[in-house]
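Trainee: From the sequence below, what's the structure:
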Amino acid sequence: MEGMISFGNKRSYDDFKKQIPSTVQPLFDSIREFCLSLGENVVEDIRMHRVVFGKSMTFRWFVDIEPEREGIIIKIQKNRKEDPKILQIKIGQEITELKEIIKNVFETIN
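Mentor: Residues are numbered from 1 along each chain as shown. The predicted structure follows:
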């Protein structure tokens, strides 16, 4: 993400990974990689306890993922007027449907 505007001391994903339980790491990485694969205009923001993905520099966020001990809390937002949809994914749970939901939300954001 070279050349991006920085708004202070940004954490790297490698630093963030240290706080993710090792059992949750593969699931978290899989969801993260999927979000990043949606397009070149996906922006990743590493926050203290979660990772947020937005569309373009306007940073209209569409997915917020937060690791837990036995899974991940995922918040998905189609638009600012609706409350985010909150999902809880457990280790070993199939995420095909989740990926489809994320992809659809990403495609509907302007």
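
Trainee: Could you count how many residues lie near Ser30?
Mentor: By the criterion of other Cβ atoms under 10 Å, Ser30 has 14 neighbours. C-beta here means a position set from N, CA and C on the backbone, and glycine is covered the same way.

Trainee: Pretty sure it sits against Ile95.
Mentor: Yes: the criterion here is Cβ atoms under 8 Å, and Ser30 meets it with Ile95 at 6.8 Å.

Trainee: hey, where'd the strands end up in this protein?
Mentor: Remark: strands assigned in the chain by DSSP state E are 42-46, 51-55, 60-67, 71-76, 85-90.

Trainee: For Gln88, see how far away the closest residue to Lys55 other than its chain neighbours is.
Mentor: Among residues not flanking Lys55 along the chain, Ile109 sits closest, at 4.9 Å (Cβ to Cβ, 6 or more residues apart in numbering). Applying Cβ to Cβ, to the nearest Å, the value for Ile109 to Gln88 is 23 Å.

Trainee: quick one, which of these two is more surrounded?
Mentor: Per other Cβ under 10 Å, whichever of Ile109 and Gln88 has more neighbours is Ile109, with 15 against 11.

Trainee: Hmm, Phe62 and that one touching each other?
Mentor: Yes: using Cβ under 8 Å, Ile109 makes contact with Phe62 at a distance of 5.6 Å.

Trainee: mind listing the helices for this protein?
Mentor: For the chain, applying DSSP state H gives helices covering 13-17, 25-36, 96-108.

Trainee: Rebuild these as JSON lines, extending it with distance to Gly71 and mean pLDDT.
Mentor: Shown next, in JSON lines, are the helices of the chain (distance: least, Cβ to Cβ, whole Å; pLDDT from 0 to 100):
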{"stretch": "helix 13-17", "distance to Gly71": "16", "mean pLDDT": "94"}
{"stretch": "helix 25-36", "distance to Gly71": "7", "mean pLDDT": "97"}
{"stretch": "helix 96-108", "distance to Gly71": "12", "mean pLDDT": "94"}
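
Trainee: Measure how buried the closest residue to Gly71 other than its chain neighbours is and give me the count.
Mentor: Distances taken as Cβ to Cβ, 6+ apart put Lys90 closest to Gly71, at 4.1 Å, once the chain neighbours are dropped. The number of residues packed near Lys90 is 11, by other Cβ under 10 Å.

Trainee: Good, we can wrap up now.
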